[in-house]
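Participant: Quick check, what structure comes out for this input:
(one chain, ligands or ions: 1)
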Amino acid sequence: MIEARGLTKRYGSTLAVDDLSFTVRPGVVTGFLGPNGAGKSTTMRMVLGLDRPSAGEALVNGHPYTRAAAPMREVGALLDAKDVHGGRTARAHLLALAQSNGLPASRVGDVLELTGLSSVARKRIKGFSLGMSQRLGIAAALLGDPSVLLFDEPVNGLDPEGILWIRHFMRSLAAEGRTVFVSSHLMSEMALTADHLVVIGRGRLLADTSTPEFIEQNSATKVRVRSPQAGELASVLASRGHVPTAVDGYLELSGVATDEVGDAAAAAGITIHELFSQRSSLEEAFLELTKDSLDYVADPHTAPEGQR
Ligand SMILES: Nc1ncnc2c1ncn2[C@@H]1O[C@H](COP(=O)(O)OP(=O)(O)OP(=O)(O)O)[C@@H](O)[C@H]1O
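Facilitator: Residues are numbered from 1 along each chain as shown. Model (predicted):
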(Lines give C-alpha, C1' and ligand atoms only; values in the text may rest on other atoms or scores of the structure.)
Protein backbone atom coordinates (compact mmCIF):
# COMPACT_ATOMS: atom_id res chain seq x y z
CA MET A 1 0.00 0.00 0.00
CA ILE A 2 1.22 3.49 -0.85
CA GLU A 3 -0.35 6.60 0.66
CA ALA A 4 0.28 10.22 -0.26
CA ARG A 5 -1.06 12.75 2.21
CA GLY A 6 -0.96 16.39 1.25
CA LEU A 7 2.25 15.62 -0.62
CA THR A 8 3.85 18.81 -1.93
CA LYS A 9 7.16 19.61 -3.61
CA ARG A 10 8.48 23.03 -4.50
CA TYR A 11 11.58 23.65 -6.58
CA GLY A 12 12.19 27.34 -6.05
CA SER A 13 9.06 28.98 -7.39
CA THR A 14 7.97 25.82 -9.27
CA LEU A 15 5.24 23.88 -7.54
CA ALA A 16 6.02 20.43 -9.00
CA VAL A 17 3.63 18.52 -6.72
CA ASP A 18 0.72 20.35 -5.17
CA ASP A 19 -1.06 18.90 -2.13
CA LEU A 20 -1.53 15.38 -3.53
CA SER A 21 -3.47 12.82 -1.50
CA PHE A 22 -4.23 9.34 -2.79
CA THR A 23 -3.91 5.66 -1.85
CA VAL A 24 -2.47 2.91 -4.04
CA ARG A 25 -3.92 -0.47 -3.06
CA PRO A 26 -2.51 -3.96 -3.44
CA GLY A 27 -3.85 -6.52 -5.91
CA VAL A 28 -4.49 -4.13 -8.78
CA VAL A 29 -2.38 -2.16 -11.23
CA THR A 30 -2.73 1.55 -10.47
CA GLY A 31 -1.81 3.86 -13.32
CA PHE A 32 -0.27 7.23 -12.47
CA LEU A 33 -1.26 9.33 -15.41
CA GLY A 34 -0.38 12.88 -16.34
CA PRO A 35 1.11 14.91 -19.17
CA ASN A 36 4.86 15.51 -19.32
CA GLY A 37 5.96 17.65 -16.41
CA ALA A 38 2.82 16.90 -14.37
CA GLY A 39 4.90 15.79 -11.39
CA LYS A 40 4.78 11.99 -11.68
CA SER A 41 8.52 11.35 -11.31
CA THR A 42 8.81 13.83 -8.47
CA THR A 43 5.96 12.10 -6.63
CA MET A 44 7.56 8.70 -7.12
CA ARG A 45 10.90 9.99 -5.94
CA MET A 46 9.27 11.29 -2.75
CA VAL A 47 7.55 7.94 -2.17
CA LEU A 48 10.98 6.33 -2.45
CA GLY A 49 12.59 8.83 -0.11
CA LEU A 50 14.88 10.15 -2.88
CA ASP A 51 13.34 13.62 -2.62
CA ARG A 52 12.15 15.27 0.55
CA PRO A 53 8.57 16.67 0.45
CA SER A 54 8.18 20.42 1.03
CA ALA A 55 4.97 19.51 2.88
CA GLY A 56 2.88 16.43 3.53
CA GLU A 57 4.14 12.86 3.51
CA ALA A 58 4.33 9.67 1.51
CA LEU A 59 3.90 6.36 3.32
CA VAL A 60 4.74 2.85 2.16
CA ASN A 61 2.96 0.13 4.12
CA GLY A 62 2.12 2.72 6.77
CA HIS A 63 5.53 4.34 7.30
CA PRO A 64 7.96 6.58 5.41
CA TYR A 65 10.05 4.39 3.11
CA THR A 66 13.31 5.90 4.33
CA ARG A 67 12.62 4.16 7.64
CA ALA A 68 12.14 0.71 6.11
CA ALA A 69 14.29 -1.93 7.83
CA ALA A 70 15.04 -3.84 4.59
CA PRO A 71 14.16 -1.45 1.78
CA MET A 72 14.51 -3.79 -1.20
CA ARG A 73 12.30 -6.39 0.47
CA GLU A 74 9.57 -3.79 0.84
CA VAL A 75 9.71 -1.75 -2.35
CA GLY A 76 11.08 -2.34 -5.83
CA ALA A 77 11.40 0.53 -8.27
CA LEU A 78 12.27 1.09 -11.89
CA LEU A 79 13.11 4.75 -12.41
CA ASP A 80 15.73 5.08 -15.14
CA ALA A 81 16.58 1.74 -16.77
CA LYS A 82 19.79 3.05 -18.39
CA ASP A 83 21.18 4.29 -15.08
CA VAL A 84 23.41 1.22 -14.48
CA HIS A 85 27.08 0.27 -14.70
CA GLY A 86 27.38 -0.76 -18.38
CA GLY A 87 30.66 -2.67 -18.00
CA ARG A 88 29.10 -5.36 -15.81
CA THR A 89 27.19 -8.40 -16.96
CA ALA A 90 23.51 -8.61 -16.08
CA ARG A 91 24.23 -11.35 -13.53
CA ALA A 92 27.13 -9.44 -11.93
CA HIS A 93 24.99 -6.29 -11.68
CA LEU A 94 22.16 -8.15 -9.94
CA LEU A 95 24.58 -10.07 -7.73
CA ALA A 96 26.23 -6.82 -6.56
CA LEU A 97 22.80 -5.39 -5.76
CA ALA A 98 21.74 -8.53 -3.89
CA GLN A 99 24.96 -8.60 -1.85
CA SER A 100 24.88 -4.93 -0.91
CA ASN A 101 21.28 -5.30 0.24
CA GLY A 102 21.70 -8.51 2.22
CA LEU A 103 19.61 -10.55 -0.21
CA PRO A 104 20.36 -14.21 -1.04
CA ALA A 105 22.37 -14.75 -4.25
CA SER A 106 19.80 -17.37 -5.27
CA ARG A 107 17.34 -14.54 -6.01
CA VAL A 108 19.54 -13.47 -8.95
CA GLY A 109 18.73 -16.63 -10.92
CA ASP A 110 15.06 -16.32 -9.96
CA VAL A 111 14.63 -12.77 -11.23
CA LEU A 112 16.66 -13.43 -14.40
CA GLU A 113 14.27 -16.28 -15.10
CA LEU A 114 11.18 -14.23 -14.26
CA THR A 115 12.16 -11.45 -16.63
CA GLY A 116 13.30 -13.74 -19.44
CA LEU A 117 16.95 -12.62 -19.21
CA SER A 118 18.60 -15.97 -18.31
CA SER A 119 20.09 -16.42 -21.80
CA VAL A 120 21.80 -13.00 -21.71
CA ALA A 121 22.80 -13.08 -18.04
CA ARG A 122 26.52 -13.23 -18.92
CA LYS A 123 26.39 -10.41 -21.48
CA ARG A 124 27.61 -6.92 -20.66
CA ILE A 125 24.80 -4.46 -19.97
CA LYS A 126 26.23 -1.80 -22.29
CA GLY A 127 25.19 -3.96 -25.27
CA PHE A 128 21.60 -4.24 -24.05
CA SER A 129 18.68 -2.85 -26.07
CA LEU A 130 16.24 -0.56 -24.27
CA GLY A 131 13.80 -3.46 -23.93
CA MET A 132 16.48 -5.63 -22.30
CA SER A 133 17.53 -2.77 -20.01
CA GLN A 134 13.91 -2.33 -18.91
CA ARG A 135 13.72 -6.05 -18.12
CA LEU A 136 16.97 -5.80 -16.17
CA GLY A 137 15.59 -2.83 -14.23
CA ILE A 138 12.50 -4.84 -13.42
CA ALA A 139 14.65 -7.83 -12.41
CA ALA A 140 16.53 -5.54 -10.00
CA ALA A 141 13.25 -4.21 -8.61
CA LEU A 142 12.09 -7.76 -7.93
CA LEU A 143 15.30 -8.92 -6.22
CA GLY A 144 13.93 -8.46 -2.71
CA ASP A 145 10.55 -9.98 -3.67
CA PRO A 146 8.87 -6.74 -2.52
CA SER A 147 5.14 -6.27 -1.99
CA VAL A 148 5.21 -2.76 -3.46
CA LEU A 149 6.47 -1.91 -6.96
CA LEU A 150 6.90 1.45 -8.64
CA PHE A 151 7.61 1.79 -12.36
CA ASP A 152 8.24 5.20 -13.91
CA GLU A 153 7.23 5.24 -17.60
CA PRO A 154 8.31 1.61 -18.14
CA VAL A 155 7.08 1.34 -21.73
CA ASN A 156 8.69 4.56 -23.00
CA GLY A 157 10.59 3.83 -26.21
CA LEU A 158 9.79 0.11 -26.28
CA ASP A 159 8.70 -1.84 -29.34
CA PRO A 160 5.21 -3.43 -29.39
CA GLU A 161 6.51 -6.79 -28.16
CA GLY A 162 8.29 -5.15 -25.21
CA ILE A 163 5.19 -3.11 -24.37
CA LEU A 164 3.03 -6.22 -24.39
CA TRP A 165 5.47 -8.07 -22.17
CA ILE A 166 5.59 -5.26 -19.59
CA ARG A 167 1.81 -4.90 -19.65
CA HIS A 168 1.28 -8.61 -18.93
CA PHE A 169 4.04 -8.67 -16.36
CA MET A 170 2.53 -5.76 -14.38
CA ARG A 171 -0.82 -7.49 -14.34
CA SER A 172 0.68 -10.76 -13.13
CA LEU A 173 2.56 -8.95 -10.33
CA ALA A 174 -0.70 -7.35 -9.19
CA ALA A 175 -2.52 -10.68 -9.45
CA GLU A 176 0.00 -12.03 -6.91
CA GLY A 177 -1.36 -9.43 -4.47
CA ARG A 178 1.39 -6.83 -4.88
CA THR A 179 0.88 -3.09 -5.01
CA VAL A 180 1.81 -1.98 -8.54
CA PHE A 181 2.09 1.75 -9.25
CA VAL A 182 3.05 2.59 -12.81
CA SER A 183 3.37 6.03 -14.38
CA SER A 184 2.68 6.99 -17.97
CA HIS A 185 1.72 10.01 -20.03
CA LEU A 186 -0.26 7.77 -22.40
CA MET A 187 -3.91 7.33 -21.61
CA SER A 188 -4.32 4.58 -24.21
CA GLU A 189 -1.52 2.57 -22.59
CA MET A 190 -2.93 2.99 -19.10
CA ALA A 191 -6.41 1.97 -20.26
CA LEU A 192 -4.96 -1.39 -21.29
CA THR A 193 -2.76 -1.90 -18.22
CA ALA A 194 -4.33 -0.21 -15.21
CA ASP A 195 -7.38 -1.17 -13.19
CA HIS A 196 -7.31 2.07 -11.28
CA LEU A 197 -6.09 5.54 -12.24
CA VAL A 198 -4.58 8.40 -10.31
CA VAL A 199 -4.53 11.31 -12.75
CA ILE A 200 -2.55 14.50 -12.15
CA GLY A 201 -2.02 17.72 -14.06
CA ARG A 202 0.44 20.41 -13.03
CA GLY A 203 1.07 18.61 -9.76
CA ARG A 204 -2.60 18.51 -8.76
CA LEU A 205 -4.93 15.56 -8.39
CA LEU A 206 -7.48 15.49 -11.20
CA ALA A 207 -8.98 12.03 -10.74
CA ASP A 208 -8.63 8.98 -8.48
CA THR A 209 -10.97 6.35 -9.80
CA SER A 210 -11.31 2.96 -11.48
CA THR A 211 -10.35 2.95 -15.15
CA PRO A 212 -13.88 2.13 -16.40
CA GLU A 213 -15.34 4.87 -14.19
CA PHE A 214 -12.76 7.35 -15.46
CA ILE A 215 -13.69 6.56 -19.05
CA GLU A 216 -17.39 6.76 -18.22
CA GLN A 217 -17.07 10.09 -16.43
CA ASN A 218 -14.70 11.81 -18.82
CA SER A 219 -15.72 10.80 -22.28
CA ALA A 220 -18.82 12.25 -23.87
CA THR A 221 -21.21 10.14 -25.88
CA LYS A 222 -22.35 11.54 -29.20
CA VAL A 223 -25.22 10.38 -31.34
CA ARG A 224 -24.89 10.31 -35.12
CA VAL A 225 -27.76 9.93 -37.54
CA ARG A 226 -27.82 9.70 -41.35
CA SER A 227 -30.98 10.42 -43.28
CA PRO A 228 -31.92 11.29 -46.88
CA GLN A 229 -34.16 13.95 -45.26
CA ALA A 230 -31.39 15.47 -43.15
CA GLY A 231 -32.68 19.04 -43.39
CA GLU A 232 -36.15 18.05 -42.24
CA LEU A 233 -34.74 15.87 -39.45
CA ALA A 234 -32.49 18.71 -38.26
CA SER A 235 -35.54 20.98 -37.91
CA VAL A 236 -37.53 18.32 -36.05
CA LEU A 237 -34.65 17.73 -33.63
CA ALA A 238 -34.05 21.45 -33.17
CA SER A 239 -37.72 21.95 -32.30
CA ARG A 240 -37.16 19.43 -29.48
CA GLY A 241 -34.19 21.40 -28.18
CA HIS A 242 -31.44 19.29 -29.79
CA VAL A 243 -29.55 21.32 -32.37
CA PRO A 244 -27.41 18.99 -34.50
CA THR A 245 -24.20 19.79 -36.34
CA ALA A 246 -23.38 18.30 -39.75
CA VAL A 247 -20.27 16.06 -39.62
CA ASP A 248 -19.06 13.75 -42.42
CA GLY A 249 -22.53 13.32 -43.92
CA TYR A 250 -24.15 12.76 -40.51
CA LEU A 251 -26.10 14.92 -38.13
CA GLU A 252 -24.28 14.81 -34.78
CA LEU A 253 -25.86 15.49 -31.40
CA SER A 254 -24.81 15.32 -27.77
CA GLY A 255 -26.92 15.02 -24.66
CA VAL A 256 -29.57 12.92 -26.37
CA ALA A 257 -30.23 9.15 -26.61
CA THR A 258 -30.56 7.24 -29.89
CA ASP A 259 -34.11 6.24 -28.82
CA GLU A 260 -35.28 9.83 -28.77
CA VAL A 261 -33.78 10.59 -32.17
CA GLY A 262 -35.35 7.46 -33.68
CA ASP A 263 -38.75 8.20 -32.13
CA ALA A 264 -38.68 11.83 -33.29
CA ALA A 265 -37.85 10.76 -36.84
CA ALA A 266 -40.59 8.08 -36.86
CA ALA A 267 -43.19 10.52 -35.52
CA ALA A 268 -42.34 12.95 -38.35
CA GLY A 269 -42.31 10.17 -40.99
CA ILE A 270 -38.60 10.74 -41.70
CA THR A 271 -36.51 7.88 -43.14
CA ILE A 272 -33.31 7.01 -41.26
CA HIS A 273 -30.44 5.10 -42.85
CA GLU A 274 -28.10 4.99 -39.87
CA LEU A 275 -28.39 5.81 -36.16
CA PHE A 276 -25.73 5.09 -33.55
CA SER A 277 -24.00 6.50 -30.51
CA GLN A 278 -20.24 6.73 -30.10
CA ARG A 279 -18.02 7.47 -27.16
CA SER A 280 -15.10 9.86 -27.55
CA SER A 281 -11.70 8.13 -27.43
CA LEU A 282 -9.70 7.69 -24.26
CA GLU A 283 -7.06 10.08 -25.47
CA GLU A 284 -9.79 12.68 -25.98
CA ALA A 285 -11.08 12.02 -22.45
CA PHE A 286 -7.59 12.54 -21.03
CA LEU A 287 -7.00 15.71 -23.05
CA GLU A 288 -10.36 17.03 -21.93
CA LEU A 289 -9.44 16.49 -18.30
CA THR A 290 -5.91 17.88 -18.49
CA LYS A 291 -7.09 20.82 -20.58
CA ASP A 292 -8.96 21.97 -17.48
CA SER A 293 -5.76 21.76 -15.47
CA LEU A 294 -4.04 23.90 -18.09
CA ASP A 295 -6.87 26.43 -17.80
CA TYR A 296 -6.33 26.40 -14.06
CA VAL A 297 -2.77 27.68 -14.45
CA ALA A 298 -3.54 30.04 -17.33
CA ASP A 299 -3.28 32.90 -14.86
CA PRO A 300 0.40 33.95 -15.08
CA HIS A 301 0.44 34.70 -11.34
CA THR A 302 -0.35 31.08 -10.45
CA ALA A 303 1.61 29.33 -13.23
CA PRO A 304 4.86 27.61 -12.22
CA GLU A 305 8.06 29.20 -13.43
CA GLY A 306 9.10 28.14 -16.91
CA GLN A 307 5.47 27.70 -17.91
CA ARG A 308 4.56 31.36 -17.85
N1 LIG B 1 15.28 18.79 -9.59
C2 LIG B 1 14.41 19.67 -10.09
N3 LIG B 1 14.66 20.99 -10.03
C4 LIG B 1 13.78 21.90 -10.51
N5 LIG B 1 12.61 21.59 -11.08
C6 LIG B 1 12.30 20.29 -11.18
C7 LIG B 1 13.18 19.27 -10.70
N8 LIG B 1 12.59 18.06 -10.93
C9 LIG B 1 11.41 18.31 -11.54
N10 LIG B 1 11.23 19.65 -11.69
C11 LIG B 1 10.05 20.31 -12.29
O12 LIG B 1 8.91 19.80 -11.65
C13 LIG B 1 7.85 19.59 -12.57
C14 LIG B 1 7.41 18.14 -12.53
O15 LIG B 1 8.43 17.31 -13.10
P16 LIG B 1 8.36 15.72 -13.12
O17 LIG B 1 9.59 15.22 -13.77
O18 LIG B 1 8.04 15.21 -11.77
O19 LIG B 1 7.11 15.47 -14.07
P20 LIG B 1 6.66 14.16 -14.80
O21 LIG B 1 5.18 14.11 -14.71
O22 LIG B 1 7.40 12.98 -14.30
O23 LIG B 1 7.05 14.48 -16.29
P24 LIG B 1 7.85 13.61 -17.36
O25 LIG B 1 6.89 12.58 -17.82
O26 LIG B 1 8.16 14.64 -18.41
O27 LIG B 1 9.06 13.10 -16.65
C28 LIG B 1 8.37 20.05 -13.92
O29 LIG B 1 7.95 21.39 -14.11
C30 LIG B 1 9.87 19.97 -13.75
O31 LIG B 1 10.51 20.89 -14.59
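
Participant: Show me what from the stretch 51-200 of the chain comes close to the ligand.
Facilitator: His185 (C-beta under 6 Å from any ligand atom). Just so you know, the C-beta spots here come from the backbone N, C-alpha and C atoms, and that holds for glycine as well.

Participant: Which part of the stretch 51-200 of the chain gets nearest to the ligand, residue-wise?
Facilitator: At 5.2 Å from the ligand, His185 is the closest residue in the stretch 51-200 of the chain, using C-beta to the nearest ligand atom.

Participant: was I right about Leu59 contacting Arg5?
Facilitator: Yes: Leu59 is in contact with Arg5 according to C-beta atoms under 8 Å; the separation is 7.2 Å.

Participant: one step back: how confident is the prediction for the residue of the stretch 51-200 of the chain closest to the ligand, by pLDDT?
Facilitator: His185 is assigned a pLDDT of 87 by the prediction.

Participant: what about it, how many neighbours?
Facilitator: 18 (other C-beta atoms under 10 Å).

Participant: Can you give the distance of stretch 246-262 from its chain's centre?
Facilitator: 32 Å (C-alpha atoms, centre = their mean, to the nearest Å).

Participant: Buried residues, it. List them.
Facilitator: Within stretch 246-262, the residues scored as buried using 16 or more other C-beta atoms under 10 Å are 250-251, 253, 256, 261.

Participant: hey, what's Gly201 bridged with?
Facilitator: Applying DSSP bridges to Gly201 gives these bridge partners: Arg204.

Participant: pLDDT score assigned to it?
Facilitator: Among the per-residue scores, Gly201 holds a pLDDT of 91.

Participant: Quick one: neighbours of it, just the number.
Facilitator: Counted with other C-beta under 10 Å, residues neighbouring Gly201 total 25.

Participant: Could you do Ser188 as well?
Facilitator: 12.

Participant: got it, and the one 3 residues further on?
Facilitator: Residue neighbour count, defined by other C-beta under 10 Å, stands at 20 for Ala191.

Participant: quick one, what contacts the closest residue in space to it that isn't next to it in sequence?
Facilitator: The shortest distance from Ala191 to any non-neighbouring residue, by C-beta to C-beta, 6 or more residues apart in numbering, is to Leu282 (4.9 Å). By C-beta atoms under 8 Å, 6 or more residues apart in numbering, the contact list for Leu282 reads 187-188, 191, 215, 219.

Participant: what do you get for Val111?
Facilitator: Val111 neighbours (C-beta under 8 Å, 6+ apart): 94, 139-140, 142-143.

Participant: can those residues go into JSON lines with extra columns for pLDDT and distance to Trp165?
Facilitator: Below are these laid out as JSON lines (pLDDT from 0 to 100; distance: C-beta to C-beta, whole Å):
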{"residue": "Leu94", "pLDDT": "95", "distance to Trp165": "19"}
{"residue": "Ala139", "pLDDT": "93", "distance to Trp165": "13"}
{"residue": "Ala140", "pLDDT": "93", "distance to Trp165": "16"}
{"residue": "Leu142", "pLDDT": "94", "distance to Trp165": "14"}
{"residue": "Leu143", "pLDDT": "95", "distance to Trp165": "19"}
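
Participant: Out of the residues you listed, the closest to Ser235 would be?
Facilitator: Leu142 (64.2 Å; C-beta to C-beta).

Participant: Can you tell me, leaving aside adjacent residues, what's nearest to the closest one?
Facilitator: The shortest distance from Leu142 to any non-neighbouring residue, by C-beta to C-beta, 6+ apart, is to Val111 (4.8 Å).

Participant: what kind of secondary structure is that neighbour in?
Facilitator: Under DSSP: H, G, I helix; E, B strand; the rest coil, the three-state class of Val111 is helix.

Participant: That one and Gly37, how far apart?
Facilitator: Val111 sits 32 Å away from Gly37, going by C-beta to C-beta, to the nearest Å.

Participant: from memory Arg226 sits against Ile272, does it?
Facilitator: Yes: using C-beta under 8 Å, Arg226 is in contact with Ile272, at 7.3 Å.
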